[in-house]
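Peer 1: sequence and predicted structure are below.
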There are 2 protein chains.
Amino acid sequence: MTGRRGRREPKGFTERELDVMSVLWREGSGTVTEVRQALGEEVGYTTVLKMLQILEEKGAVGHEQEGRAYRYFPLVESVRAGGRALTRIVNKIFHGSAERLLATLVEDREFTAEEIARMRSILDRAERRGDEE
Amino acid sequence: MTGRRGRREPKGFTERELDVMSVLWREGSGTVTEVRQALGEEVGYTTVLKMLQILEEKGAVGHEQEGRAYRYFPLVESVRAGGRALTRIVNKIFHGSAERLLATLVEDREFTAEEIARMRSILDRAERRGDEE
DNA sequence: ACGTGTTTACGAAGATTGTCGTTGACAAAT
DNA sequence: ATTTGTCAACGACAATCTTCGTAAACACGT
């Protein structure tokens, strides 16, 4: 009913798209062949290519010529994509409570004392930042 | 190539599906009309019904008769769905680092001192739990 | 010049999602 | 009994995602 469908907004990634983006974020860039190898070669060459073309059309990746191949690289930062995904989850699943999200996160996995210490310092920094402003 | 096709596994929710699940998690249960109202009546009755039918087929919700209407209720807990979604994000976007996820989370939003205190105690609890085992 | 291998481009097929229109069941009011 | 209003079921349709097959472009070795 609402005359929506801007098409130019970020939006989320689908499963396969996220697989591909994950590789580019981790490696920095990649050709079709490189991305495909990173995915364990479980999908065909043209499938990976198609994903990259779709992602490029969405504005999520770009490419430059390299020899006779294309080298693709991410145009959206993983942190921004992650922030959107987290916001979505906090709102839709944890009813806006970041605490519950954190509780679920630490419940599901084991952390070393060092990791927990670093997470505490992240909270410390956030607190100080809150004081300043 | 892996001979999957389990169909019985959890999997993730799409955007609209998550909208509907969010309502059921928050309210506990709902009829089609109730869910539709909770979504601001921006989608048609039959659309909401279809979503609930798809979700039921996926095993995410169930229903019981109530008068002449159906009352739908979630069969998967929000915490478990949230845990899966978080695992996915940590792995695909934050390279397995929960710390980075937390950093992004606190970067994107403002927290009160109380909220941060509660998050610290969540970490404390996780630490103690780690000691015990 | 010719074949071979690598790579992109085109486009189609199948699955899933999201949106409804229409129909039929059923009960309450008349 | 007939009408009316509520609600689920069925099926259609368009959009999107995912997977490729096939073709075309191009460089390289011979």
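Peer 2: Received the coordinates, thanks. Numbering: from 1, shown residues only, chains lettered A, B, ... in the order given.
Peer 1: name the nearest residue to residue A:105, ignoring sequence neighbours.
Peer 2: Leaving out its chain neighbours, the residue that sits closest to residue A:105 by CB to CB, 6 or more residues apart in numbering or on different chains is residue B:86, at 5.5 Å. C-beta coordinates here come from the backbone N, C-alpha and C atoms, glycine included.
Peer 1: same check, this time on residue A:69
Peer 2: residue A:31 (4.7 Å).
Peer 1: any regions of chain A where pLDDT drops low?
Peer 2: A:1-10, A:132-133 (pLDDT under 70).
Peer 1: re the thing from before, count the neighbours of the residue nearest to residue A:105 for me.
Peer 2: By the criterion of other CB atoms under 10 Å in any protein chain shown, residue B:86 has 24 neighbours.
Peer 1: surely residue A:107 is in contact with residue B:80?
Peer 2: No. Using CB atoms under 8 Å, residue A:107 is not in contact with residue B:80, being 10.6 Å away.
Peer 1: any chance you could map the helices in chain A?
Peer 2: Along chain A, counting by DSSP state H, helices occupy A:15-27, A:32-38, A:45-57, A:78-92, A:98-108, A:113-132.
Peer 1: the shortest one and DNA strand D, are they touching?
Peer 2: No. Helix A:32-38 is not in contact with DNA strand D by CB under 7 Å from any atom of the strand; minimum separation 9.8 Å.
Peer 1: just the buried residues of that helix, please?
Peer 2: A:32, A:34-36, A:38 (16 or more other CB atoms under 10 Å in any protein chain shown).
Peer 1: just those residues now: which is nearest DNA strand D?
Peer 2: Closest approach between the buried residues of helix A:32-38 and DNA strand D, by CB to the nearest atom of the strand: residue A:36, at 9.8 Å.
Peer 1: how about the contacts made by that closest one?
Peer 2: Contact analysis of residue A:36 by CB atoms under 8 Å, 6 or more residues apart in numbering or on different chains lists A:43, A:45, A:48.
Peer 1: sort out which of those residues are buried, if you could.
Peer 2: A:43, A:48.
Peer 1: got the contacts of residue A:36 as JSON lines, with distance to DNA strand D columns?
Peer 2: Converted to JSON lines, these look like this (distance: CB to the nearest atom of the strand, whole Å):
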{"residue": "A:43", "distance to DNA strand D": "4"}
{"residue": "A:45", "distance to DNA strand D": "8"}
{"residue": "A:48", "distance to DNA strand D": "8"}
